[in-house]
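Trainee: Okay, here's the prediction I keep looking at, along with the sequence it came from:
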Amino acid sequence: MTTVEQRYQEAKATYASIGVDTDAVLKQLQEVKISMHCWQGDDVKGFLNPDGELTGGIMSTGNYPGAARTPDELRADLEKAYSLIPGKHKLNLHAIYLDTDETVDLNEIEPKHFEKWVVWAKEQGLGLDFNPTFFSHPMMKDGFTLSHPDKEVRDYWIEHGKRSRRVAEYFGKELGQTCYTNFWVPDGFKDNPVDRLSPRKRLMESLDAIFSEEIDEAYNVDTVESKLFGLGAEAYTVGSHEFYMGYGLTRNKAILLDAGHFHPTEVISNKLSSLSLFSEKNLMLHVSRPVRWDSDHVVIMDDELQDIAKEIVRNNLLDKTVIGLDFFDATINRVAAWVIGTRNTQKALLKAMLEPTAELKELENKFDFTARLAYTEELKDFPYADVWNYFCEQNGVPVGLDWLKEVQAYEKEILATR
Ligand code: RNT
Ligand code: ZN
């Protein structure tokens, strides 16, 4: 027996003493797919513009060496990251990550421009999710895309949205897994608008036009992502939370909550239960970490990450929630960023699964708040890390910090030569 297994056996007994079956928990964790985002690998630049400038709507900071410059480099980096993450997952692609020798604009993309990604995903046993790209493009005029007052601008982006859904349908068909296609639109004003209504009406109509094409939901499910404010759109974002909650619920679209898109003390963990009652569709998350004005720091094991995981697990929402990641830090090794954020998300789910939820709910129903507090506090010291390490060992990925050595070697051998 390895030390890791020995420690697992002890942890198993400890958890059994409070009625938790760790073997069953590990089976459950094995089933959870995380939709890991491609854009951490190259600071959201993509391959549409050769110089990969971020020209509006989104920004990443930092210049750590080794960013992927081509689809092949990005895939190599992704393979490295996935090899250090337990389980089988999905990759979340953005339209600007097309892989083709043709010069195509966003309103011209077709499934064939993403064929290499599909071939690779099949090889790797990965599913694919998708995102139309409504930023970093000359047709984003005055900070607006789908809600721009000029119809020509809106039509350009409507066409991009329609084509994106066809790419997603192709992913779903080819890979035999539903592709979740997320619509995030940065449109907004830096300063206080006079008319808050018209841009929202235009956004609503543009989205309706995009979604007018029927696509089998076995292949593609659309999700809509809100935001409170962005860089250069501090006063007003067209696609606010209320906008997309209304839109999603009336159009039967999935609602995506990004952990970094709300007021500084507002949390998405407290929203999942309510939304799950009213949304017929699955919920989708962008697990992220807000820091002051930024919404996209690497996910760490903070209270909100654990609360998100608890809400999903305690309310039996694992089958109703698509867990995506969204962060991009260009000041650290990008493969490490993926590994840290993805493993943390899985670890938080594991911690939540290792709770005797039924017993805790019973205490609460008896209004025994003393025992509830005693349990939830003591549980924090239970040996979840021994269960996690065993999960990693069982999945053939490095235990504890060992993954870092592999990333450092990869940096020396590959990333440093870029
Ligand atoms: C930006 C949104 C959005 C993007 C990706 C790249 O604030 O969170 O999800 O991060 O589309
Ligand atoms: Zn997001």
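Mentor: Yep, it's here. Ligands and ions are numbered 1, 2, ... in the order given.

Trainee: Check the secondary structure at residue 180 for me.
Mentor: What DSSP: H, G, I helix; E, B strand; the rest coil gives for residue 180 is strand.

Trainee: count of neighbours near it?
Mentor: When neighbours are defined as other Cβ atoms under 10 Å, residue 180 has 27 of them. C-beta: built from backbone N, CA, C; applies to glycine.

Trainee: what's the spacing between it and residue 33?
Mentor: 11 Å (Cβ to Cβ, to the nearest Å).

Trainee: just residue 170 next, same as before
Mentor: Counting by Cβ to Cβ - residue 170 and residue 33 are separated by 20 Å.

Trainee: Likewise for residue 381?
Mentor: Taking Cβ to Cβ as the measure, residue 381 falls 30 Å from residue 33.

Trainee: Those two: which has the busier surroundings?
Mentor: residue 33 (15 against 7).

Trainee: For the residue nearest to residue 397 when sequence neighbours are not counted, list the residues it contacts.
Mentor: Spatially, and ignoring its direct neighbours in sequence, residue 397 is nearest to residue 86 (5.0 Å; Cβ to Cβ, 6 or more residues apart in numbering). Counting by Cβ atoms under 8 Å, 6 or more residues apart in numbering, residue 86 touches 343, 346, 391, 392, 394, 395, 397.

Trainee: Could you report the pLDDT at residue 293?
Mentor: If you check residue 293, the pLDDT there is 86.

Trainee: Residue 232 is in contact with that one, correct?
Mentor: No: in this structure, residue 293 is not within contact of residue 232 by Cβ atoms under 8 Å, at 11.1 Å.

Trainee: Ignoring the adjacent residues along the chain, who's closest to residue 22?
Mentor: Nearest one to residue 22, counting by Cβ to Cβ, 6+ apart, is residue 12 at 4.6 Å.

Trainee: try residue 202
Mentor: Sequence neighbours aside, residue 147 is the residue nearest to residue 202 in space, at 4.4 Å (criterion: Cβ to Cβ, 6+ apart).

Trainee: go on, residue 224?
Mentor: residue 244 (4.5 Å).

Trainee: what does residue 383 give?
Mentor: Using Cβ to Cβ, 6+ apart, the nearest residue to residue 383 is residue 11, at 4.3 Å.

Trainee: ok, the worst-scoring helix or strand of the chain on mean pLDDT: who's next to it in the sheet?
Mentor: For the chain, counting by mean pLDDT, DSSP states H and E, strand 294-297 ranks last in confidence among helices and strands (a mean of 93). According to DSSP bridges, strand 294-297 has the following sheet partners: strand 289-291 (antiparallel).

Trainee: Now the strand it pairs with: buried residues?
Mentor: Buried positions in strand 289-291, judged by neighbour count with 16 or more other Cβ atoms under 10 Å: 289, 290.

Trainee: Show me what that strand is in contact with.
Mentor: Applying Cβ under 8 Å, 6+ apart, the set of residues contacting strand 289-291 is 259-262, 264, 296-300, 302, 304-305, 327.

Trainee: number of nearby residues for the residue nearest to residue 22?
Mentor: By other Cβ under 10 Å, 20 other residues sit near residue 12.
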